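In: quick one: sequence and predicted model below, then my questions.
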Amino acid sequence: MLKSLSPIRTIAITTYKELIRDRLLYGILVAALLVTSATFFLGSISLDQDHRVIQNIGLASIHIFTTFILIFVASNAIFRDIERRALYLLLPKPISRTQYVLGKYVGLLLLLLTTLVVLGGFFIAGGFFIDRSLILGTLMVLPYSFLEISLLTALSILFASFAAPLNASLYTLAFFIIGHSLGSVRAYLDRFGTPLAQNLTAVCYYLLPNLDKFDIRQAVLYGMHISPAQVAWSLLYWLVYTGLILGLAVLVIQKREV
Amino acid sequence: MGKASTNFGIWFLVFLALGSLASSQYLYDAGADGYTHQLKAAILHNDHPLIPSLPILRALSLGNTSMTADILWLQTIQYYGGGDIYGKYESLGSLLDTITQLDPKFNYAYQFALIVLPYMGQADMAVKIGLRAQQEGLNDGLITYYLASVYHLNLKEYKQAAKYYQLASTQSGSPTAAKTLAATALDNVSGSLADRLVAADYWKTVFDNATDPDQKKLAASWYQQMQNVYSIEKASQDFHAKQGRFPNSQEELVQYGLLPAELGSPVGRVITLDPKSGKVDFSQRAQ
């Protein structure tokens, strides 16, 4: 068991090291830091609504930037290995394709963690000086962001296993939008849609990645109670969905002739 | 020679291009008889803010409606702070309406709407937004109090005003005057005789709950005032039933034995009986 983990760890660390040196990543990170800083300014022009404006826009920008970073980086990660023929060197070694996919995924999760720690840490530091009540909310929201983006990262790996990087990014982006719209589309069609449309949406609502459950920003803002059962169901949903997607990605990579 | 002439040719073309750019810009400005920079600036300055429809905003927000409401809120502040040359801020109502629909728990937006909109000639929109706060169950005494004030001061709908003042007095955050104001608003309701008794009852409640001796005394006086108004209007109606007309004064009511004596105002108002409707008016202060 431990032996099978060793290649995953090696690939994960190599992937992480490779990605963290990417200059594009630094560019996006700097942009994200600037936007996050700007939210503190926006708070000051919000007519006594500093807390909600800083929290809403700040945390949303952290979430959106991190999502974009991970979607684009993840869709490039596997393609780069194929393009540079690194995969040809790796696969003849005693490394299974499952270990390769999991290693890549863990490496990307490390990058996701780093991004969230940098941006979240910066936001918390700002909150420490401007409004300390932001800190607790941020610490509650970021783990949920991690879950959502890690699920999207898995999707990105799946798409990257059979499509070009740009296509894979666009597919994942589409799922990001769908995942956050399912609830409102269903609510709309429940009122105005035909029975067929309602049934189709219900199927999509339950089968497609429903990402709204990972967005607790509004609940945190208004101090709404999130029951432990909801937390547990969200975790289970994430675990099953991510496992399913990664399993599919492994299957596709195994079928692929490299 | 050949190289020098090529260089000269390149520089000539560059200067020619720059000259053409400057000339065309100059001619563009000179020839503009309608759409000029000044007009563009004026349009931008005085234009109403763009408010996308609610379904579009909901779709674009990807579930994060609270943040979208915040972005619109910042736009509202800019719009309000930027000034409107007509002083009416016609888009303010729609902006605040959209914000409170996107985030129905945005307390401050409700308060802002209820304070500002009535004075921009948009009292109806203020009420619509204020009623939404009630539907959403915010249970915020201050919002309900402001809603009652709009009914009271701007729309002169005293029954509704009294209803929401009374509701505000039961919610947290409401000014202590809410109960008194409920009674005050009801003083103006004269649809039926029972309205006068309801107002008297409100003053009785204020009297029972007041701890300050001055406030207690005032509530007792107003209670008596509304009882007197009720008695006069009741006698006036009885007079009408018998004589087929309303009395000209309280004196006539005393003469016909419908009132034991002329009733005064314990709160220092002039009591006038309208011979056309039989209603009592006490809006004027006694000299």
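Out: Nice, thanks for sending it over.
In: contacts, neighbours, all on C-alpha from now
Out: OK.
In: quick one: the closest residue to A:Phe65 other than its chain neighbours and B:Thr184, what's the gap?
Out: Distances taken as CA to CA, 6 or more residues apart in numbering or on different chains place A:Ala32 nearest to A:Phe65, at 6.1 Å, with adjacent residues excluded. Computed with CA to CA, to the nearest Å, the distance linking A:Ala32 and B:Thr184 is 56 Å.
In: and B:Arg132, what element?
Out: According to DSSP states H and E, B:Arg132 maps onto helix B:123-135.
In: check contacts around the most centrally placed residue in chain B.
Out: Among the residues of chain B, B:Pro118 comes closest to the average C-alpha position under CA atoms, centre = their mean, at 3.3 Å. Applying CA atoms under 8 Å, 6 or more residues apart in numbering or on different chains, we find B:Pro118 in contact with B:124, B:126, B:150, B:154.
In: pull the most distant pair out of the residues you listed.
Out: Spatial extent of these (CA to CA) is set by the pair B:Ala126 and B:Asn154 at 10.4 Å.
In: looking at these two, which one has more neighbours?
Out: Neighbours per residue (other CA atoms under 10 Å in any protein chain shown) separate B:Ala126 from B:Asn154, with B:Ala126 holding more: 28 against 15.
In: going by distance to B:Ser94, which of the contacts of B:Pro118 wins?
Out: Nearest to B:Ser94 out of the contacts of B:Pro118 is B:Ala126 (CA to CA; 10.2 Å).
In: for B:Val280, see how far away the residue nearest to the centre of chain B is.
Out: Distance from B:Pro118 to B:Val280, by CA to CA: 30 Å.
In: and for A:Thr98?
Out: 90 Å.
In: one step back: residues near the residue nearest to A:Phe65, how many?
Out: Other residues close to A:Ala32 by other CA under 10 Å number 21.
In: now for it: which residues touch it?
Out: Going by CA under 8 Å, 6+ apart, A:Ala32 touches A:61-62, A:65, A:119.
In: tell me which element it falls in.
Out: Going by DSSP H and E, A:Ala32 is in helix A:23-44.
In: run the chain-centre distance for that helix.
Out: 18 Å (CA atoms, centre = their mean, to the nearest Å).
In: grab the most central residue of chain A for me.
Out: Closest-to-mean residue, chain A, CA atoms, centre = their mean: A:Ile149 / 1.0 Å.
In: could you double-check that that one sits in contact with A:Ile69?
Out: No - A:Ile149 is not in contact with A:Ile69 according to CA atoms under 8 Å; the separation is 9.9 Å.
In: so which of the contacts of B:Pro118 comes closest to B:Leu102?
Out: Nearest to B:Leu102 among the contacts of B:Pro118: B:Ala126, at 16.4 Å, using CA to CA.
In: residue contacts, the closest one?
Out: Residues in contact with B:Ala126 (CA under 8 Å, 6+ apart) are B:93, B:113-114, B:117-118, B:147, B:150.
In: what about the stretch 151-258 of chain A, any weak spots by pLDDT?
Out: The stretch 151-258 of chain A contains residues with pLDDT under 70 at A:257-258.
In: next to chain B in this structure, residues from it, please.
Out: Residues of the stretch 151-258 of chain A lying close to chain B (CA under 8 Å from any CA of the partner chain) are A:177, A:180-181, A:183-184, A:212, A:215, A:217-218, A:222.
In: per-residue pLDDT, residue 16?
Out: Picking chain A for this. We have a pLDDT of 92 for A:Tyr16.
In: if you could check chain B rather than the one you did, that'd help
Out: With respect to pLDDT, B:Leu16 has a value of 90.
In: mind checking which helix or strand it is in?
Out: Using DSSP H and E, B:Leu16 falls in helix B:2-31.
In: hang on, B:Ala261 in a helix?
Out: No - assigned with DSSP: H, G, I helix; E, B strand; the rest coil, B:Ala261 falls outside any helix and is coil.
In: surely it touches B:Val254?
Out: Yes - at 5.8 Å, B:Ala261 counts as touching B:Val254 under the criterion of CA under 8 Å.
In: settle it for me: which of those two has more neighbours?
Out: Ranked by neighbour count (other CA under 10 Å), B:Ala261 and B:Val254 place B:Val254 first, with 15 against 12.
In: pull up the gap between the more buried one and A:Leu59, please.
Out: As judged by CA to CA, B:Val254 and A:Leu59 stand 75 Å apart.
In: equivalent analysis for B:Gly9, please.
Out: Distance from B:Gly9 to A:Leu59, by CA to CA: 57 Å.
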